[in-house]
Structure formats: C-alpha cells, structure tokens
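Peer 1: A predicted structure for the sequence below; I have some questions about it.
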Amino acid sequence: MYKIILSTLIMSCFILSCTQKNKSAETQTPTPADPVTGELYLLIGTYTSDKGSKGIYVYRFDESSGKADSVSAIETTNPSYLTLSPDEKFVYAVSENDRAESSVSSFSFDKKTGDLALLNTQSTEGSAPCYIEIDPSGKNVVTANYGGGNISVFQVKDDGELTSLTQKFQFTGTGNDPQRQAAPHLHSVRFSPDGKFLFATDLGLDKIYRYDAVNSVFEGQPTLRESSLKSFDLPAQTGPRHFDFHPSGKYFYLLGELSGQVLVFDYDEGILTQTQTIAADTVGARGSADIHLSPDGNFLYASNRLQADGIAIFSVNSENGKLTKTGYQPTETHPRNFAITPDGNFLLVACRDSNKIQVFKRNPETGLLTDIHQDILLDKPVCVKFAKNEH
C-alpha cells in the first residue's frame, strides 16, 4: 500500500512539473531566427579608353550588409552597357567605339565561379553602341547605336554565340538643338515585358520608335517586322534617353536627357498615351541619364549629371501611374547608370567621374536612400547589373 501511494505521488509531481514547463514555454518570447542572407553577382561595365580599366568586372554582393568583394574581370574595350540572357548563362556587351571598331560581344558566365569567357564578337555596323537588350526568349539581341543613328539586330545561337548582323534600321533627320540634335542618336532599346514589341529612343530626333517583334524560332529569319514601324513624337528638345515599364505593365516612363523631365504614359498593347510631365532635373543641366522603378512599382528613380549630380525620387500613384516628387539624393560625380537589387533593399550608382560605385540602402516605405559608405572603387564605371549566385 505504501509503495502504491509513493508511486502515485511521484507521478503527480512529474505531471505538474511538465505542465509548468509547458506553460513557461508558451509565455516566453521566441528567440528571433538569424536573418536569411543572400548573395548576388554584381557585373560592372566600364570605359577603358583612358587605360585605367580592363573591361567587365564581377563582384559578389552581400544582400544583408551591402558589401561587395571582387571575383573576376575580363578584358574588353569600352563595355559601356551589358545585358544577361534570361537564364543568366551568357552576358552580352557593347564596345562603344567609333564605327570601324564598334562591336557586340558574347560571354559565357559561370555562375559557380563568377568567371566570364569570351565566345565571339560581331560588328554592329553603327558607331558608338551605347545600349544592348535581349528579348524575353533569349534568342535575339539588339543594340542602340548612338553615333550611327541606327539599331542593330543579332540572333543568339544555342551555344550563346551571336550571329552576324541580321537586321539594321537606319534613321535620318535633325532635331531642334543644332549642337545635340544634328543627327539621329539612338540611345536605348527595350522589348516590352511580353516580348511583342521593341521600343527605341532617338535623342536626336525627339522620337520613340516601336517595331513588332516576329518571335521567330528559325535562324536567319527577321526578328523585327520592318513595315510595322510606328513613331511617337515628343516635345522639342526632350532628348529621350532611357525608359522603364511599370511592373503592372500599365505604365511607361521616359527620361529626357535634355529636358530633364520624366514623361509618364499609359501603356496598352504597344500604344503610348502621355498623361504627365514632371521635372527630375530642376537646374537645367541637360544631363539626365538613367531611370528605374522599384521592384514593387511604388517608387521611381531618375539620375541627373553635369550639375547637382544625384537621383530624383518619385512616389507612384498605384491607381493612375502618375508621379509625385518625394526626395532628391545627391551622389558622387556623373551618375550615368544605377540598379536596384531584386529585393529592393539597395540601390547602386555607377559614378563615372568619381571612379566608384556608391551603395545606398533603400527605405521601402518612403523610397528614400541612405549612403552606407560601402563604395566600390573602380575606374570609369558606367553600367551595373545583378545576377543570382548559385552558391
């Protein structure tokens, strides 16, 4: 009998102890998990004319700290603009030179090591190519040739190499400014998000061009339907440079290099209808450069050079796409190009004449930027692109 009572007493104490522990565990504040950190590849195009830079540089970028570490570099002449294939296995770069030497090159990109290897090079047959784009299928590459006043089209082979030139579209005429618009100056080319159209800006003639994309799967067939050309006229001395599509696909934003203005358009199946004009450059520097929307589409950023160098910040009205200026972030000298990390947390600016990439932390609620002083020192950086790191 004594043994039974003792056993019952011990069991009751054990149950009470477990119950108290469970209640204690329920009321404790959980220990926060370590933050999940990621790493990107950062690819940087440069000007090499003054012999200070080799060509294309690859860094690892820590999405938690904003720090970057050098990985590799490959020599190539004046790779002023880059683009990656949709699967990020290949990189395509212009060589922004005079007509005799202007070209486009393809590189394989090893996502495990971060190394680039040259595959082949083709002539653009147009001087000073300053922008390069690949279509969503990864089968067609297009360059905007500033000096040549034309667009060059290439097809991509299965091994990533480029065919020789398959199409060239030449433009003629003059604009309103005799110094800056004495001839056509193609400054950017981009496919619409659905791949149906190619849009191009002509800084010299104050026009946006649009072509229908054929989306052919056969090598040698035309990529763009030449007869489909449609022009959108812009106000005199806009000097259209770069543009971006809203993530929703409903809006199109254009930055005028000469006017320093952002032009807002409704976008519907290749048709642009302007709804707003708002100043990004308020000092008349005539050097506005690059434009990008945040990944969530809530903010738009536009860079300005030559005076009061920096980035204008706008909030985006989700109901109509219109902009409200919310801030201005000064930068180092000549912010020619910039890019936002895919998670939207950082904005990196290529400041050509300060020989550095500035790293800014981005506030997703206000859109404002904070310099975290993690500069990447590099001669004449002019293009910034991100790629996933497979590690």
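Peer 2: Nice, I can see it.
Peer 1: mean confidence for stretch 314-324?
Peer 2: Confidence for stretch 314-324, expressed as mean pLDDT, is 98.
Peer 1: contacts for that stretch?
Peer 2: By C-beta atoms under 8 Å, 6 or more residues apart in numbering, the list of residues contacting stretch 314-324 from outside reads 246, 250-251, 253, 262, 264, 266, 275-276, 278, 280, 293, 297-302, 325-326, 367. (C-beta placed from N, C-alpha, C; glycine too.)
Peer 1: buried set for that stretch?
Peer 2: Within stretch 314-324, the residues that count as buried by 16 or more other C-beta atoms under 10 Å are Phe314, Ser315, Val316, Gly321, Leu323.
Peer 1: got any ranges where this protein has weak pLDDT?
Peer 2: Residues of the chain that meet the criterion pLDDT under 70 lie in 1-37, 216-220, 391.
Peer 1: what's the closest of the buried residues of stretch 314-324 to Pro136?
Peer 2: Gly321 (22.2 Å; C-beta to C-beta).
Peer 1: how far away is the closest one from Ile208?
Peer 2: Using C-beta to C-beta, to the nearest Å, Gly321 is found at 17 Å from Ile208.
Peer 1: can you name the residues that contact the residue nearest the centre of the chain?
Peer 2: By C-alpha atoms, centre = their mean, the chain has its centre lying nearest to Ala339, at 4.9 Å. Under the criterion of C-beta under 8 Å, 6+ apart, the contact list for Ala339 reads His292, Leu347, Leu348, Val384, Lys385, Phe386.
Peer 1: helix, strand or coil for Asp353?
Peer 2: Three-state assignment for Asp353 (DSSP: H, G, I helix; E, B strand; the rest coil): helix.
Peer 1: where do the strands of the stretch 251-391 of the chain begin and end?
Peer 2: For the stretch 251-391 of the chain, the strands defined by DSSP state E, counting those that start in this stretch occupy 251-256, 261-268, 271-279, 288-293, 299-304, 310-316, 323-330, 335-340, 346-351, 356-362, 369-371, 376-377, 381-388.
Peer 1: figure out which of those strands is closest to Lys139.
Peer 2: strand 381-388 (19.2 Å).
Peer 1: contacts for that closest one, please.
Peer 2: 40-47, 53, 61, 79-84, 88, 109, 111, 336-339, 341-342, 348-352, 355-357.
Peer 1: mark which of those are buried, thanks.
Peer 2: Buried by 16+ other C-beta under 10 Å: 40-47, 53, 61, 79-84, 88, 109, 336-339, 341, 348-352, 355-357, out of these.
Peer 1: what distance separates stretch 70-79 from the middle of the whole chain?
Peer 2: Relative to the centre of its chain, stretch 70-79 is centred 18 Å away, using C-alpha atoms, centre = their mean, to the nearest Å.
Peer 1: try stretch 53-69
Peer 2: The answer for stretch 53-69 is 15 Å, by C-alpha atoms, centre = their mean.
Peer 1: what residues of that stretch count as buried?
Peer 2: Ser53, Gly55, Ile56, Tyr57, Val58, Tyr59, Arg60, Phe61, Asp62, Glu63, Gly66, Ala68.
Peer 1: endpoints of it, how far apart?
Peer 2: 17 Å (C-alpha to C-alpha, to the nearest Å).
Peer 1: repeat for stretch 287-297
Peer 2: Start-to-end, stretch 287-297 (C-alpha to C-alpha) is 25 Å.
Peer 1: wait, Val142 touches Glu133, no?
Peer 2: Yes - contact criterion C-beta atoms under 8 Å: Val142 and Glu133 qualify, at 5.1 Å.
Peer 1: overlap of the contact sets of the two?
Peer 2: Val189, Phe191, Leu198.
Peer 1: buried ones among these?
Peer 2: Judged by 16+ other C-beta under 10 Å, buried ones among these: Val189, Phe191, Leu198.
Peer 1: between these, which is nearest Thr166?
Peer 2: Of those, the one sitting nearest to Thr166 (C-beta to C-beta) turns out to be Leu198, at 13.5 Å.
Peer 1: convert the host helix or strand of the closest one to CSV, retaining C-alpha atoms only.
Peer 2: Per DSSP states H and E, Leu198 falls inside strand 197-202. Provided in CSV are the C-alpha atoms of strand 197-202 (Å, rounded to 0.1, in the frame of the first residue of the first chain):
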residue,chain,number,x,y,z
PHE,A,197,7.3,44.9,-79.3
LEU,A,198,10.7,46.6,-79.4
PHE,A,199,10.8,50.2,-78.3
ALA,A,200,13.7,52.6,-79.1
THR,A,201,14.5,56.2,-78.2
ASP,A,202,16.1,58.7,-80.6
